[in-house]
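# here is the input, now give the coordinates:
(one chain, ligands or ions: 1)
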Amino acid sequence: MDEKDKISLPEITIEQLEEGVQHVNNPIVGLKPIEKRYLQQVKDYKQVDNDFFFSDGESTVEVKVVSDEIIRIRMAPQSTFLEDFSYAVPKIPYTASLFSFKETELDYRVETNTVSCIISKKEFLISFADNQQNMINEDFSAMHWEENVDYGGYYVYCTKKSHKDEAYFGLGDKPTKFNMRGRRFQNWNTDTYSFARDQDPLYRSIPFYIGLKESTAYGIFFDNTYKTYFDFGHEEDSKTSFWAEGGELLYYYIHGPHMMDVVKRYHTLTGTHPMPPLWALGYHQCRWSYYPESKIIKLAKTFRDKKIPCDALYLDIDYMDGYRCFTWNKKYFPDPKKMVKELADSGFRTVVIIDPGIKVDENYSVYKEGKDNKYFCRRSDDYFMEGHVWPGRCQFPDFTNPEVREWWGGLFKGLVETGVAGIWNDMNEPAVFGSGTFPDDVRHNYDGLRGSHRKAHNVYGMQMVRATYDGLKKLYKNKRPLTITRAGYAGVQRYSSVWTGDNLASWDHLKLALLQCTRLSLSGVSFCGTDIGGFTGEPDGELFTRWIQLGVFTPFMRAHSAGDTREREPWSFGETYEALNKKFIELRYKLLPYIYSAFWENHKFGFPILRPIVMLEQDKEGNRFREEEFTFGDKILISPILNPGQTSKIVYLPPGTWYDYWTHEKLEGGEEHIIQAELDSMPICVKAGSVIPEWPVMQYVNEIDLDEIKFQVYFSTYEVNSYYYEDHGDTFAYEQDIYTEKKFVVKGDACSCSIRQFSEGLYTPRYETYDIKFIGLPFLPTRVIIDGREQKVEMEFDALKRVRIKANKNFKEIQVLI
Ligand code: MIG
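Purely as a prediction, here's the structure:
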């Protein structure tokens, strides 16, 4: 090779060359080696407000102070940055108060009150330390890249040091062990029917992880929509890398030190779920497919006859006319509006499925409109992107085009007028029969910035459900829509709940369900659930019941099954199981006000709804391998039974005092306990000091107007706060502070227990009284003092010395004492 044909390269070491050289068999460059190129010594820097630019003469790295705890890093190999646009982070929430800049002999330091970002001059390594100069996350080698001769742009890489025993969590719903250390993953949304343990990738891409180094947590959010990879000490134990097949090396370093801080801060970047309609937290019954009309009406009636609570029934693809979206099969559903109303009259919401594939059919208005307005995706040479899906030959809207999203949102008008209450977005990876998905050369609008499918693939589903959500929100006029999506990218939580796709009826998948949901919760998507019972295959009664039990404690609770399997309703496995399933669905309904409050804490404050043990007690080494215990909100701990025939379980409780939910037995935390759990039970523990709201069992949300509400108060000797939230349940008035948030503070000693109440917000609930039950009092009370005055209050005691009193809801403090 001639000297002049060589790519001009800055000095790089032999070692780097050996690692990086790849011979690409490309006709244009022949066998010319494509090198991995690394940042070189820093030559100069420039500051523009809270933005710092460091250059090695050829490449530039931007260090942006986002907040006291979040710093964003970007690299431009030839110093030209791409457009600063992100589907995940719609608006960077700048909140940095003070920051400073220092230059020393060896490095530059950008420092906030809590984090210091250190840029070494000689090697251009980037590291993050806390304000005590404890190193938390460091580059192993300088950021690097490779030119992409086929498409232009670069493959971009970042390699960090991985410390012995450093643990890794997050990354969406990878169906694998909870701590991802030692594994490599890929993000490329994929329709994975009947997926297996460890299969990768699946339907969603959330390129965000939490590292736990010793007892300090931090987060890395690699906001890149191309195919991305993460290697957590898999290739080499001492390195953790992430890289992408295009786009920018752009990541946010999110400071902890607690995992909870990291997740909350990740939420400040990517947003939280809007409040869901309350009914969406009830039990949902789905199947592929319930049709014709008589079948679904009978299903509804069976629920009510058997008095098994249920709020939503689903129509899968067979409700459509030849699988044409936004149409009805009139043979099966001659009068959908009447049917939906009939269901609504007995308290059921109807949710229908929608797919992105639009049937190529000149007589079908959706296709015609899409075609006339050029809304469908095209190949690089301007041919339409065509593929076969359920309707046959289809074209696909380009949801990355804002105009297309607007159009798509409007298409729901008919379904909304029919009374449909929720939309289930399927096949939006996007999935195409045969080829799997779109070819790479499909072009997308990408909100005006243009891109091939390589860039838009991972956000396609998220933009579909965004269009769906925004459209429904307008059409419902201030009523909350329910949307469910299969595919998604970081930030999808702003538009939708997700379910984990086509799982399998096996005990191992029950375990995966637990892992996937807790992992999703840490990755910003708290409103998640799995197909209860397993989508493919056949569960037996025991597996189904255990899955219902876990389902009570997954934010989205829906049973679903494939069409070629036996029926899968709560009564499908005989009377014994029916009674058990009913008992646990009823438990879900009792806990609805608690569940709803946990959603509020997610929406408003960015707390994940499901919290694995390691998040509650991250400094205890062994916890990073505990996978089965988790809390729902911060008060109820669950450890579902995950094996056939199992009737008891060793459960670890974090420090503090806990109570067995069923027996009220007191259990000390910081140790393991054996908890009995025959099929009619499951290990559930409540933290001491909790105030757990409870509703009577209703057959559907709002069936009964309450005139009192129950609270279970769990005695504690240390002070504990609990939050209780309520609002209209179905409007957006909460955005104007029309809600009530109550804080209860519980504290007791050997002869008294007090509960104080604080309220905030403008919503006034209908009921007047609280029905309060004290659990675990170490004494038998004889007196009650309400707001400083002793009252003659009737106290009821039961065999377990639990004390029950009724009180007006406006009290400030209640004390029960000897
Ligand atoms: O190619 O609509 O994951 O929940 O029932 C299968 C039929 C298409 C896949 C979804 C599943 C749904 C099914 N769909």
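# would you mind listing what in this protein touches the ligand?
Contact residues, the chain versus the ligand (C-beta under 6 Å from any ligand atom): W288, D316, I317, I353, D426, M427, R486, G501, D502, H560. Quick note: C-beta positions are derived from backbone N, CA and C, even for glycine.
# in TSV, list those residues along with pLDDT and secondary structure.
Shown next, in TSV, are the residues of the chain next to the ligand (pLDDT from 0 to 100; DSSP: H, G, I helix; E, B strand; the rest coil):
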residue	pLDDT	secondary structure
W288	97	coil
D316	98	coil
I317	98	helix
I353	98	strand
D426	98	coil
M427	98	coil
R486	98	coil
G501	98	coil
D502	98	coil
H560	98	coil
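# got a quick PyMOL command for the buried subset of the residues you listed?
Paste this into PyMOL to select the buried members of the residues of the chain next to the ligand, with burial taken from 16 or more other C-beta atoms under 10 Å:
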select buried, resi 288+316+317+353+426+427+486+501+502+560
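# how is the chain partitioned into domains?
Here the domain parsing of the chain from automatic domain parsing is 37-270, 284-351+410-430+458-605, 610-687, 705-817.
# quick one: which of those is nearest E386?
domain 284-351+410-430+458-605 (12.4 Å; C-beta to C-beta).
# quick one: that closest one to chain centroid distance?
16 Å (C-alpha atoms, centre = their mean, to the nearest Å).
# what of stretch 668-688?
26 Å.
# stretch 71-79 now?
Distance, centroid of stretch 71-79 to centroid of chain: 28 Å (C-alpha atoms, centre = their mean).
# ok, residues contacting that stretch?
37, 39, 55, 58-66, 81-82, 92, 110, 112, 115, 117, 126, 128, 143, 145, 154, 156, 248-253 (C-beta atoms under 8 Å, 6 or more residues apart in numbering).
# ok, of those, which come out buried?
37, 39, 55, 59-66, 92, 110, 112, 115, 117, 126, 128, 143, 145, 154, 156, 248-253.
# just to revisit the earlier point, out of the residues of the chain next to the ligand, flag the one nearest to W390.
I317 (5.7 Å).
# about what we covered before: closest one to D440 among the domains of the chain?
It is, among those and with distance given as C-beta to C-beta, domain 37-270, at 7.9 Å.
# just checking: what are the partner strands of the longest strand anywhere in the chain?
When the chain is parsed with DSSP state E, its longest strand is strand 135-147. Strand 135-147 sits in its sheet next to strand 37-38 (antiparallel), strand 126-130 (antiparallel), strand 154-161 (antiparallel), going by DSSP bridges.
# let me have those in CSV, adding mean pLDDT as columns.
CSV is the format used below for the strands paired with strand 135-147 (pLDDT from 0 to 100):
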stretch, mean pLDDT
strand 37-38, 96
strand 126-130, 98
strand 154-161, 98
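# can you put these in a markdown table and add distance to G537?
Formatted as a markdown table, the strands paired with strand 135-147 follow (distance: least, C-beta to C-beta, whole Å):
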| stretch | distance to G537 |
| --- | --- |
| strand 37-38 | 49 |
| strand 126-130 | 46 |
| strand 154-161 | 39 |
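# out of those, flag the one nearest I674.
Closest to I674 of the strands paired with strand 135-147 is strand 126-130 (C-beta to C-beta; 39.9 Å).
# mean confidence (pLDDT) on stretch 808-817, please.
For stretch 808-817, mean pLDDT rounds to 95.
# oh, that last question was meant for stretch 75-92, not what I typed.
97.
# quick one: terminal-to-terminal distance for that stretch?
Using C-alpha to C-alpha, to the nearest Å, the end-to-end distance of stretch 75-92 comes to 18 Å.
# and that stretch, what's buried?
Buried, per 16+ other C-beta under 10 Å, within stretch 75-92: M75, A76, P77, S86, Y87, A88, V89, I92.
# out of those, which comes closest to the ligand?
Lowest distance from the ligand to the buried residues of stretch 75-92 (C-beta to the nearest ligand atom) belongs to Y87, with 22.8 Å.
# returning to that earlier point: in strands only, show me the buried ones among the contacts of stretch 71-79.
Residues from those lying in strands, with DSSP E as the criterion: 37, 55, 60-65, 110, 112, 115, 117, 126, 128, 143, 145, 154, 156, 249-253.
# helices along this protein, start to end?
With helices called from DSSP state H, the chain shows them at 14-20, 259-270, 293-306, 336-345, 365-372, 402-410, 413-418, 453-476, 507-522, 541-552, 575-590, 592-605, 613-616.
# switch the ones you listed over to a markdown table; also include distance to V697 and mean pLDDT.
What follows is the helices of the chain, written out as a markdown table (distance: least, C-beta to C-beta, whole Å; pLDDT from 0 to 100):
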| stretch | distance to V697 | mean pLDDT |
| --- | --- | --- |
| helix 14-20 | 62 | 45 |
| helix 259-270 | 33 | 98 |
| helix 293-306 | 13 | 98 |
| helix 336-345 | 20 | 98 |
| helix 365-372 | 42 | 98 |
| helix 402-410 | 37 | 98 |
| helix 413-418 | 30 | 98 |
| helix 453-476 | 28 | 98 |
| helix 507-522 | 24 | 98 |
| helix 541-552 | 13 | 98 |
| helix 575-590 | 5 | 98 |
| helix 592-605 | 10 | 98 |
| helix 613-616 | 30 | 97 |
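# who wins for proximity to S238 among these?
Closest among those, using C-beta to C-beta: helix 14-20, at 14.2 Å.
# taking the protein, what residue is nearest to the ligand?
W288 (3.7 Å).
# residues contacting that residue?
Per C-beta under 8 Å, 6+ apart, neighbours of W288: D316, I317, D318, H560, S561, A562, G563.
# change it to 10 Å
314-318, 353, 535, 560-565 (C-beta atoms under 10 Å, 6 or more residues apart in numbering).
# likewise for E245?
146, 148, 151, 153-156, 188, 224, 226-229, 440, 454-455.
# which among those count as buried?
Those of the contacts of E245 that meet the buried threshold are 146, 148, 153-156, 188, 224, 226-229, 454-455, by 16+ other C-beta under 10 Å.
# wait, which of the residues you listed is closest to T240?
Set against T240, the nearest of the buried ones among the contacts of E245 by C-beta to C-beta is Y229 (11.3 Å).
# may I have the beta-bridge partners of the closest one?
Bridge pairing for Y229 - DSSP bridges - gives Q186, W243.
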